[in-house]
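A.B. asks: sequence and computational prediction follow.
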Amino acid sequence: MKNRHRWAIIWGFFVGNEVVFQCRDEGPLRAPVRWSRGNGLPLPTGSRDINGRLEMPNIATDHTGTYICEAVGYPSSTPGSRVSVYLRVDSYEPPPTRPPSACGVNQATCNSGECISKSMLPAPEGNYRLVGVSMNVLGGSVEIQDRRYSIPTTAIRVLPVGVQVQIPSVRTLAIPSDVIPYFALPPSHCGNLLKSYGGHLKYSLRYRGTGRSLTAPDVIISGNGLTLIHMGKESWSPNREHAVSARLFVGDWFKKVSGRPGGDQPGDGIEPATREEILSVLSNVEYLLVRAQYDQGSSLDTTISGIRLDSAVPINTGQGQAVFVEECRCPQGYNGLSCEECSPGYEKRQQGPWGGICVKTTPRVECRAGEYMDFNQCLPCPCPSEDRRFGTACYKDVDSGITCECIPGHTGRNCDSCAAGYEKSRDYPYQCRPISATCDVEGSLSPIPDPSGRCVCKQHVSGSTCNECQPNTFFLSSTNEHGCIDCFCMGVTPTCASSNWYRTQESAVFLNNNLGFTLVDETQGDEIKDGFIFETNSREVGFREFSRYPPGTYYWQLPYNFLGDKVTAYGGYSHTIRYVPQPGGQSSPNNAPDVEINGNDIRLLYFRKSTLSPNRQETITVPLQEQYWQRQDGQTANREHFLMALANLDGLLIKATYTTSTREAYLSNVILDIAVPRNTGQERAYPVEQCSCPVGYTGLSCQECAFGYTRSLRGLYLGLCEPCSCNGHSDECDPKTGVCRNCRGHTAGDFCEECEDGYSGDPRTGECQLETARCYCDPRGSVRADCPDGRNCLCKGNCEGASCNLCRPGTFSLQEINPLGCLECFCSRASTECASANLYRSSIDLQIISGPPHGVTLTDSTRTASIKEITVDPSTGELVYRYPGGTRSERLFWSLPAKFTGNRLTSYGGKLHATRRYLVRPGTDTTPGEDIDVILVGSGGISLYWIYGSLLSGQEVGLEVSLRETAGWRHIGGSGNMASRSDILEVLSDLEAILIRASFTDDMEASYIKDISLDDAVRQNTPFGIVMDVEECRCPPGYEGLSCEQCSPGYYLDPNDRSRDQQGTCRACPCGDNSEGCRFEGGRPLCLCRPGFTGSYCEAR
């Protein structure tokens, strides 16, 4: 017999806990077992002995002692037939209620915050809400109805220094008369506010109204199960500015007290809250509410502004000491000013006052595969079937029994039955085989097993049902002749998975512009750039003058936005073509390829199997997969050449002339599927590989060299990425040419191999020394052209060097227009090394056409409303919204479609463009008020706004705002602080929305917008020049992206670890080789297992 729990002494069990012992006989008799207590004592009252499972609920100290398990039927002298375990029960005294000092536990002592100075929280930022509160003030009943009654936030208008609510008719809220609307301050003014004790909440109040005055608390705070109210000492008059102040101190706050019939208080009422109760609420504020309704009138129009909440900081702010903020000396396990938090290694247990007590956490024991955890011990899984094991792992189930995780084909608690779709084989119970037609149709050559009962898998597929990709392959698909796709990764790593990017499209629809499309002959020697015609109804671009050019096959040549790095296009694209042959030429089709791609000196051709009919539009879908393309020698293209070409497309040609003498050719609706690293609402780009790149490489297919590396001619495919060779004087270079940047130590040359003028030496073996005194000051980095001391230049703040020609460490992009000379590296606060990325200016344009959705909607500043009743005026190319008459116009913004959002770091330094105009109702005031014109909404809680100025009714004005900190961007909300470079980049790294002002007065008739575009930057060369202001950082392990803004494959963002950034820290996934990564969910990383694998760490098949 084996005792399943072999402890000598049980430590750490306290009074009131439940203890369970379980044992069984594993000898030849499999005899029943029974429990008894040592020294002849009876088992504790309430205990149950059920088939060897001893359950003892609610243990006490007198239950300490020895407990014996014995097998029935064995002689007492039989070795192992009798085992014992010793149980020790410790008493535990929960801490009493908090002492007058209000420190978190009774062992703590405190003093006033002698080293803590008064401060002030930044003005609220984020989304305000309206919350209904039902109350009976005299009876003390106050109930926050946040979920029961829905008050629309569309009525809220966020101002640069506050917030306003406007509701023409309160009756439309459909809430009871005893429910009063309150402003709920954003999360920045909730949570732990203990540092605010003794300070004030101050704000300015102004409301419009004509009804009878309403009695209600001005401010309500709620948290830790308590709700406190603050009643103002004076009444507030309408149409006047009032300064409101609520001190967070004893005597200023009240709580509900229940009546005591027959006692000194027969009915419910209110009484002052104690200091302890105020501190309890402040330790975890869930709601901080400011009254929005002050009279019983029919409308609601209230503004609060200048919101300030006192706080405290450990530095001298010049505002005096925060003497009422206590600073406790906490016992072991507690920390925080009032011991309100648990130290690392401790956790909060909901017991006692003030949110619970801190108890030491039990160290977690990690069990190996094939074991399970029971009472902090690892025990073997009981999943055998004779001498074979059909369970790879197990766990303790809700009934305390052990349940096995079975291999495919087996099921049951101990994996001793065949699963659905499987049947007993001839040598059962050793094997379950798939029943007829159970082979995976995506990965098998036939859905029917062979005569031996096994599925025959495609080349890159494995598993008993052919449902798993083999190592170093990914994406199981029925359309793939090999089942799964080989990882290519430019030959630098064999490890990859399906990308977690999503599909979107690069598209072109022709109205009155050829959008950069041209015509070329098959040699690409002659290029036709003009003479195009446009068919408005069919949205085609056409050409009718082939007779003026030499005979031959002509191709539509696609512009730069369809070229460059297009590895994410792997999968397919489409276009619509039409041609009109010369009379008599229909019977002479040419045999030239239909589509041609060129990239990295690789030319690949696509031939359509069916012929194209003349004189009608025909849509052609071209799959961008290697098996459909061929090389110039007629051989089928392989995956390696195909991805190498897509990695740097410099030509994409679509055949225009299909006969020997074509008269007219037309093209329309060109759509190229690509992928982006955000959820676009379309399908995931599963056929696109996402590789685990080695150091020095970046990109989904490791197709680019990382910061500090450059391409060499050595190695296979695109060549190796090797460290920059700058003779030790720089670690920055061009990733393609290897030319060094920012050479230091007075060196120069492509590889920092020369000395600057006026210096001598050999930089390849040593340093450059000053030869002659000279004064030359680089105008990009110097404050003045001369040297104040005759030899040294006066440098701008971010520049250094004798001639101020270098960016100091942690900065980049030396430019004369920059007052600091160089820009600070942002790098998402994960690195301080960066340089200018090798990018060229491009543009994201919105084609406004009727028919397919343009994606623009109308919303309010909080993005609660969504209005899609927008029309298109084809004659002007404008989007038009006509406001409903008879009511006050809503404050609306144009919300740009998804193609303008997501990761837009490459738009930094560029501009947002649009053209707007509006009309007001006849006979109304046409003078617009100043308001926010553009809002950038970031996913990290930061939103920025920009104000253009006045715009008169009927006036058409172009909007052009720079996406840099010097343009006047400010934080939205109460502060209105100027945005920094870091603020701009943080918003652009994950841009949720771009809102452009549509409403200008309260009497709008219509609003118009057109010519919407956003500057961007891309890797391929464009006609618009190079971009200097976009950074490319040297990212630490676990980070990737131009600004290290995202986690690398195999890492996840842990929002609880803010050691690097407020958004969190990238940490390695705790998963094995059988995972495709992980995501943070439910407070922990969740492994994403490859098909065919399961378990917490993808360890089981």
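C.D. replies: Arrived safely, thanks for sending.
A.B. asks: all helices for this protein, in order.
C.D. replies: Applying DSSP state H to the chain gives helices spanning 275-282, 639-647, 981-989.
A.B. asks: where's the closest residue in space to residue 66 that isn't next to it in sequence relative to residue 68, distance?
C.D. replies: Computed as CB to CB, 6 or more residues apart in numbering, the closest residue to residue 66 that is not its neighbour in sequence is residue 38, at 3.4 Å. For every residue, glycine as well, the C-beta is placed using N, CA and C. Distance of residue 38 to residue 68, computed by CB to CB, to the nearest Å: 6 Å.
A.B. asks: likewise residue 744?
C.D. replies: Between residue 744 and residue 68 the distance is 78 Å, computed by CB to CB.
A.B. asks: those two: who's more crowded?
C.D. replies: residue 744 (17 against 14; other CB atoms under 10 Å).
A.B. asks: name the nearest residue to the more buried one, sequence neighbours excluded.
C.D. replies: Per CB to CB, 6+ apart, closest to residue 744 is residue 729, 5.1 Å.
A.B. asks: is it true that that neighbour touches residue 743?
C.D. replies: Yes - using CB atoms under 8 Å, residue 729 makes contact with residue 743 at a distance of 5.1 Å.
A.B. asks: list the residues that contact both of these two?
C.D. replies: residue 752 (CB atoms under 8 Å, 6 or more residues apart in numbering).
A.B. asks: between those two, tell me which one has more neighbours.
C.D. replies: Remark: of residue 729 and residue 743, residue 743 carries more neighbours, 25 against 21, as counted by other CB under 10 Å.
A.B. asks: just the pLDDT for the more buried one.
C.D. replies: Per-residue pLDDT puts residue 743 at 90.
A.B. asks: would you check how far apart the nearest residue to it once chain neighbours are set aside and residue 391 are?
C.D. replies: Spatial nearest neighbour of residue 743, excluding adjacent residues (CB to CB, 6+ apart): residue 752 at 3.9 Å. From residue 752 over to residue 391 the distance is 62 Å, taken as CB to CB.
A.B. asks: so for these two, which residue has more residues nearby?
C.D. replies: Regarding residue 752 and residue 391, a neighbour count based on other CB under 10 Å identifies residue 752 as having more, with 27 against 24.
A.B. asks: so the more buried one sits against residue 738, correct?
C.D. replies: No - contact criterion CB under 8 Å: residue 752 and residue 738 do not qualify, at 11.5 Å.
A.B. asks: who's in contact with the residue nearest to residue 66?
C.D. replies: 65, 66, 67, 68, 84.
A.B. asks: the same query, at a cut-off of 10 Å, please.
C.D. replies: 65, 66, 67, 68, 84, 86 (CB atoms under 10 Å, 6 or more residues apart in numbering).
A.B. asks: distance to residue 409 and pLDDT added to those residues, as TSV?
C.D. replies: Formatted as TSV, the contacts of residue 38 follow (distance: CB to CB, whole Å; pLDDT from 0 to 100):
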residue	distance to residue 409	pLDDT
65	48	83
66	46	84
67	42	86
68	43	88
84	42	79
86	44	74
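A.B. asks: could you export these to CSV, including columns for distance to residue 950?
C.D. replies: Output for the contacts of residue 38, formatted as CSV (distance: CB to CB, whole Å):
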residue, distance to residue 950
65, 87
66, 89
67, 86
68, 91
84, 90
86, 85
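A.B. asks: in strands only, show me those.
C.D. replies: 65, 66, 67, 68, 84, 86 (DSSP state E).
A.B. asks: make a ChimeraX selection of the buried ones in those.
C.D. replies: Of the ones in strands among the contacts of residue 38, the buried ones can be selected in ChimeraX as follows, counting by 16 or more other CB atoms under 10 Å:
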select :67
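A.B. asks: one step back: tell me the pLDDT of the residue nearest to residue 66.
C.D. replies: Residue 38 carries a pLDDT score of 83 in this model.
A.B. asks: one more: residue 24?
C.D. replies: Confidence for residue 24, expressed as pLDDT, is 81.
A.B. asks: give me the neighbour count for the closest residue to it other than its chain neighbours.
C.D. replies: Of all residues not flanking residue 24 in the chain, residue 52 sits nearest, at 5.2 Å (CB to CB, 6+ apart). Neighbour count of residue 52, defined by other CB under 10 Å: 19.
A.B. asks: surely residue 52 meets residue 26?
C.D. replies: No - the criterion here is CB atoms under 10 Å, and residue 52 misses it with residue 26 at 11.2 Å.
A.B. asks: list the beta-bridge partners for residue 971.
C.D. replies: In this entry, residue 971 is beta-bridged to residue 944, by DSSP bridges.
A.B. asks: who touches it in this structure?
C.D. replies: Residue 971 sits next to 122-123, 125, 160, 942-945, 977-980, 983 when contact means CB under 10 Å, 6+ apart.
A.B. asks: against residue 922, how distant is it?
C.D. replies: The separation that residue 971 has from residue 922, given CB to CB, amounts to 39 Å.
A.B. asks: same check, this time on residue 757
C.D. replies: To residue 922, residue 757 is 72 Å away according to CB to CB.
A.B. asks: looking at these two, which is more packed in?
C.D. replies: residue 757 (12 against 7).
A.B. asks: kindly provide the distance from that one to residue 457.
C.D. replies: From residue 757 to residue 457 the distance is 69 Å (CB to CB).
A.B. asks: swap in residue 128?
C.D. replies: 58 Å.
A.B. asks: same check, this time on residue 158
C.D. replies: 59 Å.
A.B. asks: please apply the same query to residue 342.
C.D. replies: Distance from residue 342 to residue 457, by CB to CB: 53 Å.
A.B. asks: again with residue 291
C.D. replies: 69 Å.
A.B. asks: repeat for residue 214
C.D. replies: Residue 214 is 75 Å from residue 457, by CB to CB.
A.B. asks: compare the two (neighbour count), which wins?
C.D. replies: residue 457 (22 against 14).
A.B. asks: show me what that one is bridged to.
C.D. replies: According to DSSP bridges, beta-bridge pairing links residue 457 with residue 444.
A.B. asks: burial check on the nearest residue to residue 1040 once chain neighbours are set aside, number of neighbours?
C.D. replies: Nearest non-adjacent residue to residue 1040, counting by CB to CB, 6+ apart: residue 1048, 4.7 Å away. Burial of residue 1048 is recorded as 20 neighbouring residues (other CB under 10 Å).
A.B. asks: I'd like the distance between residue 857 and residue 504.
C.D. replies: 18 Å.
A.B. asks: repeat that for residue 937.
C.D. replies: 20 Å.
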